[in-house]
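*Asks:* quick one, structure for this:
(chains A, B, C and D)
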Number of protein chains: 4
Amino acid sequence: MSDTRIGIWLIGARGGVATTTILGLLGLAKQKIPAIGLVSELALFNDLALASWDRFVVGGHEIRRSSLYDEAKKLFQSSHVLDPELIENCRDDLAKIDECIRPGILFNSGSTIEQLAQEGQAHCPPAPRAAVEQLVEDLAAFRRDHQLHHVVVVNVASTEPPVDERTIPGTWDELSRQLDQAGQCPLRASSLYAIAAFEAGCSYVNFTPSLGSAAEALCQLALRRGQCHAGRDGKTGETLLKSVLAPMFAHRNLEVMSWVGHNIFGNMDGLVLDNPENKQSKVVSKDRLLREILGYAPQTLVSIEYIQSLGDWKTAWDHIHFRGFLGTPMVLQFIWQGCDSILAAPLVLDLVRFTERAARRGETGVLTWLASFFKSPMGVAEFDFHRQFQMLEAWATAVRQETPSACR
Amino acid sequence: MSDTRIGIWLIGARGGVATTTILGLLGLAKQKIPAIGLVSELALFNDLALASWDRFVVGGHEIRRSSLYDEAKKLFQSSHVLDPELIENCRDDLAKIDECIRPGILFNSGSTIEQLAQEGQAHCPPAPRAAVEQLVEDLAAFRRDHQLHHVVVVNVASTEPPVDERTIPGTWDELSRQLDQAGQCPLRASSLYAIAAFEAGCSYVNFTPSLGSAAEALCQLALRRGQCHAGRDGKTGETLLKSVLAPMFAHRNLEVMSWVGHNIFGNMDGLVLDNPENKQSKVVSKDRLLREILGYAPQTLVSIEYIQSLGDWKTAWDHIHFRGFLGTPMVLQFIWQGCDSILAAPLVLDLVRFTERAARRGETGVLTWLASFFKSPMGVAEFDFHRQFQMLEAWATAVRQETPSACR
Amino acid sequence: MSDTRIGIWLIGARGGVATTTILGLLGLAKQKIPAIGLVSELALFNDLALASWDRFVVGGHEIRRSSLYDEAKKLFQSSHVLDPELIENCRDDLAKIDECIRPGILFNSGSTIEQLAQEGQAHCPPAPRAAVEQLVEDLAAFRRDHQLHHVVVVNVASTEPPVDERTIPGTWDELSRQLDQAGQCPLRASSLYAIAAFEAGCSYVNFTPSLGSAAEALCQLALRRGQCHAGRDGKTGETLLKSVLAPMFAHRNLEVMSWVGHNIFGNMDGLVLDNPENKQSKVVSKDRLLREILGYAPQTLVSIEYIQSLGDWKTAWDHIHFRGFLGTPMVLQFIWQGCDSILAAPLVLDLVRFTERAARRGETGVLTWLASFFKSPMGVAEFDFHRQFQMLEAWATAVRQETPSACR
Amino acid sequence: MSDTRIGIWLIGARGGVATTTILGLLGLAKQKIPAIGLVSELALFNDLALASWDRFVVGGHEIRRSSLYDEAKKLFQSSHVLDPELIENCRDDLAKIDECIRPGILFNSGSTIEQLAQEGQAHCPPAPRAAVEQLVEDLAAFRRDHQLHHVVVVNVASTEPPVDERTIPGTWDELSRQLDQAGQCPLRASSLYAIAAFEAGCSYVNFTPSLGSAAEALCQLALRRGQCHAGRDGKTGETLLKSVLAPMFAHRNLEVMSWVGHNIFGNMDGLVLDNPENKQSKVVSKDRLLREILGYAPQTLVSIEYIQSLGDWKTAWDHIHFRGFLGTPMVLQFIWQGCDSILAAPLVLDLVRFTERAARRGETGVLTWLASFFKSPMGVAEFDFHRQFQMLEAWATAVRQETPSACR
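*Replies:* Numbering: from 1, shown residues only, chains lettered A, B, ... in the order given. Down below sits the predicted model:
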């Protein structure tokens, strides 16, 4: 393991999350920043032979023109995050990574995302097959050029509108046939990227609420190609708190009467979610877990609003109205002021590291033990954060037992 | 089990927590209120042959003159809690319980508590032995008069000043000798009540931060007399949230830089805690768990202030300043608006039920699996609420296996 | 003045605001409650010969069947407000007032309000003229039966959908002609009530965002009939705070970048506003003042959501993102937890008292000096609460000078 | 006026407030920053011939060694404020100002402040007279070297412990005699600076809660020397909000039952206030206004706590418990997240500008019309922010009338 290199391929490679992920990875590799915020750096995961930070090479797809350096500066200016000194120190590295970023694809991506795309920077293939082939070729070239042992593809692009999943064929064979016909395929770009990842022998992680690899037909494809995948929708802020607090109400037999959550933020994700079509994907993803954890459905309301002045900072105000003994109503409110990219980026790196380790030990299919990272964990109905985390701990125990101590 | 009766003996029997506990128990026995807020009513504990609500008989010690009916009305007037209709419905039952309330004792209780005591309603014994004997006699009479199968003594009295535990002899034999000598015994009243409980063959639960049965010498006594006990300091609000939220920061490797908690409330507990001596017991109890859960000590600040207008309502504002990826500072704040007695009372009933069940199956010593109920759980260093709750679940599994289905 | 009686005629006479207004008035007349929350009871207004509380007689219109006693009990049960003892004490008085409540009218009231109406309790006149005549007759009967010196009509009914004011004729003569023709009149019920009030020689106060008397044609009518009126939309909570805080930002030259306000509540008003059509009236009323006070338009967002469990309690969370010196972004947040009816009712009584006094001294037309009571004050562009209050103080000074000291 | 230069002499010249004031002034003079946060830049004060930003020269006293450039960098690093680009641009200017900063004095300053002082950087004169003479000499040299038309001395140093004002002689003649005798003078350094300012023919502004020029004897001195002064304790955050919100409760006749304010912050001011002796000055300054505005004394609690991680950011949580109609309790809470230096610095610049203008038109004694800038305004009992602001507006009207339009 010691001299192999691993690829990270980011869909949406110059967005806020990707930019922060890349800058953070450079900082870690150069040992310029502490390992705060990284789950995989907990003592608990010490002996698992996870890949070290200097082994990673980054590339990706992007539909906008720009440069990572400019995007990093913009984040600093709009949101007072990222250390300007670190940005300057990494300027050359960022430029090198820019060279590994290829034009992305647009496919049923919805008008809001399409408006973001810039000429010459996005393919709009007539039929999905052509798009997938282009993506596979990009991934293969990346692997070849950098002599990579393995590549993990991570979707950190803008949220697509939801897909009516009933319109998607239930088997890969059926779905595969649709890829050849223009105007027939109900999938959106996020799923084409997932297909390309599997076809190119890569793992796939979906950090967004978009469909990605969540359809049954794509799960079949992953198994056939022997690849693993995980998702979806990174659990970074308000929903993380919900998955931590709701079990408390359940365990104390306190009846949640209503749970209102208002989210305001001003980054591009916010702009995209300002389109009700795209927002729908997110709200659904944020809302289900209360029902699952509590065992009943309190009145809930989740709003997500674009407030430009906030930049990459997200403020969530949650008002939880609950009844206790003798029917007495009480209130818990919380206010979460977090920086979206800063919260997401380390989880992206953790997911890459854990997924690569899983691939290395031969796991295929959905990595359900990564549930604690996601708002809508694939393949598992566990929403309680602490139980989800215990799934990760159990996986670590298993891996530790099979890892020769020399490797640790 | 079906026709036996169980005693609940409350120390501080006309305080806000006791009054609410008693009214709630009557409401449950009469099936006038839903089982909201009671942990022992979760489906999970269905098959454990816990005692049903109509089996309980209540008595207690109290140093103030008053009546339960008047105290209940006062709670309604000052704090807009408790249903006035239910209070009227239970007026006769409350009067009967008043007859089972005996004068309490004052012993090293501190000036604030001593000022609350009313003439003729509190014993101030010259030597502790006499006090203990009086208490044992009260408990024995209660048991005899009501033909009780078992009695659980619960301390819900005002918080005493802390005891320097180094001054307490390490064995029961040594401590026992001190009880005979006026002016020698470092214990305060809460511990004398615990001794009396064990000597009288009762279980003992300490719902307050006072020392109670937490000294090693008393643990020895409990084992010798074959009794079980649990404590201390019921975890009802802000600390409950800390024990739920701190593991999230730990699991996500987010560095808590400071955790500030301000608590304001206006009940008698608040008045007693307004004395810095008594407050000290509480603050210590609230502060340790962050260090234990996080594995390091962030700057913390816990303030508890008496604001008369709030009555029994406690508002806690917590400000958690943490660092994430790339050293970025972020903030979580929560505001908890809960009614103290309403939160505490169902836990008192749960503890009585669980403790009685433990006694029935022959457990002795500290019931560590009740940790999730306490700010400073005795006999265990686990502060993570979810892990504590799993200890309770594990106990339930064990009990369930030995409970004949007929009994369930 | 000492033995004359004054009528209060409430549109929406059994709603939460009306019920609380009536119970409060009875409490004041019986001297059972303190004068807290009443502006007209400030020392500042002592010498104006305002009518004393025992001079008022109440009647009104209502489209729902029920009784004031039942509505008061419901408020206590759903929202833990109103003293149950006071309700019992006033039971007979409430029943007498119930006898003075006449069926209301529905006219372009929108589907949500129409669904609230109960058979036999609401007139749906074919042409507006008939409705107005019925209302005038009701008011005349009330005045005659109780030998009232003057009557103030107050609209506290549910909020209607907005009216396109461009469709309303600009003069009373034109508008008057439309009243005779079914299907031609763009007005809604709130304006017909206003017309009836003026025609019957009454003052009219619009406590809601509905149009009421705000159209130019109705202002003409008021002047012709020598009546005074005021409105609109009582300023009780979040908007009151906006009108108090926005001037601070202006005076300190702090740039408000965004002001987000989320309102949640669960009373009937909330239910009606859950219809987007009706909500529109409210949001417009809440949003204009920032622009007026600041002199520029920050990004604003006002949401109003119906959360059933909150009953009559309204929680508003406002997040104000502003820039200070050197472009530094800072944040002020506030959380307002107020009971809607409790906040509104005393203002209704104040408005009646001030309006009656104005009528007594011969004022006609819009009472602009009542601006501090309203979100959208009629006839004046002043939104700064403190300047609005100074208009009230100036009026008081004028009245005081002309009030013989015997009368004071 | 057009080619005269004006001096700003800052006591505590390298503290956070001074550093920000200086950097901001440079930014304004270079037209690199917008005029946000500056009251004197409101349109309302356009025509008063206030001095333009490029006329000011800065010097000061300081007891710590360091450089303005380093202090500015530290502020950026600890608190994410101040633009690093601006700091670099102003590096030379900052160095020049450093040369005008003289060692300060320690005199009854209390142990916390004394610990901050660095050797060779602070005079500890045996008798106050010597100290005053040294300070006068420093001011005279500053004036001479830079050919200044006028100098305004501003105290932005750390808060001293309170002085028992009864021990201070009531006339300047008596007090003056004490200055010659070691061990007799009850004044602290802040007042010696004020004396020196007046003796040197300068204006004096006290931006801190320290006594400064607030004693009657010093007011006499100011008048004798024909100088003007203003103070004390800049109103930047929580108290500003109190002075804005309390009038709302008063005008609406809502009874404030309790007002709790918790302030946490981590700058040097916080460290100094962590000493209970020094904190006392601040708490008194923050607490009086509620009584004055409301006309009665609700239960209040103001806490100020040093939380290192917050740096220069101050978070205030205020919980206002009030009663409305029918005795109903309600709650307003606010959370203020502001950067202390950023809020203070523009007010310092405004005060200098207004004070210099007052001196230029011949005003002497306390400038009471500057009340809106201070927590404890000298010479006036008006605490309502809006009324205070109207005093400033009235002054502006008077000045405008006497200002020839050419000058404007």
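*Asks:* so who does the nearest residue to A:Thr112 once chain neighbours are set aside touch?
*Replies:* Taking C-beta to C-beta, 6 or more residues apart in numbering or on different chains, and ignoring the residues beside it in sequence, A:Thr112 has A:Asn275 as its nearest neighbour in space, at 4.2 Å. No exception for glycine: its C-beta is placed from N, CA and C like everyone else's. Neighbour list for A:Asn275: A:Gly110, A:Ser111, A:Thr112, A:Pro161 [criterion: C-beta atoms under 8 Å, 6 or more residues apart in numbering or on different chains].
*Asks:* doesn't A:Ser158 make contact with the first one?
*Replies:* Spelled out, it's A:Gly110. No. A:Gly110 is not in contact with A:Ser158 according to C-beta atoms under 8 Å; the separation is 9.0 Å.
*Asks:* coming back round to it: and the residue nearest to A:Thr112, its phi and psi?
*Replies:* Backbone geometry at A:Asn275, expressed as degrees, to the nearest 10, gives phi -80, psi 120.
*Asks:* do A:His61 as well
*Replies:* According to degrees, to the nearest 10, A:His61 has phi -110, psi 150.
*Asks:* can I assume A:Lys32 sits in a strand?
*Replies:* No. The assignment for A:Lys32, made by DSSP: H, G, I helix; E, B strand; the rest coil, is coil rather than a strand.
*Asks:* neighbours of the residue nearest to A:Gln181 when sequence neighbours are not counted, how many?
*Replies:* Computed as C-beta to C-beta, 6+ apart, the closest residue to A:Gln181 that is not its neighbour in sequence is A:Ala127, at 6.3 Å. Residues near A:Ala127, counting by other C-beta atoms under 10 Å in any protein chain shown, number 16.
*Asks:* now the one 3 residues further on
*Replies:* For A:Ala130, the number of neighbouring residues by other C-beta under 10 Å comes to 15.
*Asks:* hey, where'd the helices end up in chain A?
*Replies:* Secondary structure of chain A, counting by DSSP state H: helices at A:16-29, A:68-79, A:84-89, A:91-98, A:111-116, A:128-146, A:172-178, A:189-199, A:216-225, A:238-251, A:268-273, A:276-294, A:340-360, A:385-402.
*Asks:* so which of these is the most packed in?
*Replies:* helix A:189-199 (a mean of 27; mean count of other C-beta atoms under 10 Å in any protein chain shown).
*Asks:* ok, residues contacting the helix-or-strand element of chain A with minimal mean pLDDT?
*Replies:* For chain A, the helix or strand with the lowest mean confidence is helix A:268-273, at a mean of 73 (criterion: mean pLDDT, DSSP states H and E). Here helix A:268-273 makes contact (C-beta under 8 Å, 6+ apart) with A:15-16, A:112-113, A:116, A:158-159, A:278-279, A:282, A:304-307, A:310, A:340.
*Asks:* which one of those sits closest to C:Ile6?
*Replies:* Among those, A:Glu305 lies closest to C:Ile6 (C-beta to C-beta), at 46.8 Å.
*Asks:* what's the distance between that closest one and A:Gly15?
*Replies:* 20 Å (C-beta to C-beta, to the nearest Å).
*Asks:* and the two? which has more neighbours close in?
*Replies:* Remark: of A:Glu305 and A:Gly15, A:Gly15 carries more neighbours, 25 against 20, as counted by other C-beta under 10 Å.
*Asks:* look up how far chain C lies from the more buried one.
*Replies:* 22 Å (C-beta to the nearest C-beta, to the nearest Å).
*Asks:* and the residue in the stretch 1-150 of chain A that chain C sits nearest to, how many neighbours does it have?
*Replies:* Minimum separation of the stretch 1-150 of chain A from chain C (C-beta to the nearest C-beta) falls at A:His80, amounting to 7.5 Å. Using other C-beta under 10 Å, A:His80 is surrounded by 16 other residues.
*Asks:* now do the contacts for the closest residue to it other than its chain neighbours.
*Replies:* Excluding the flanking residues, the one nearest A:His80 by C-beta to C-beta, 6+ apart is D:His80, at 5.2 Å. Residues in contact with D:His80 (C-beta under 8 Å, 6+ apart) are A:His80, B:Pro329, D:Gly311.
*Asks:* repeat that for A:Val331.
*Replies:* A:Val331 neighbours (C-beta under 8 Å, 6+ apart): A:His319, A:Ile320, A:His321, A:Phe322, B:Ile335, B:Trp336, B:Gln337, C:Thr315, C:Gln337.
*Asks:* brilliant, that's me finished.
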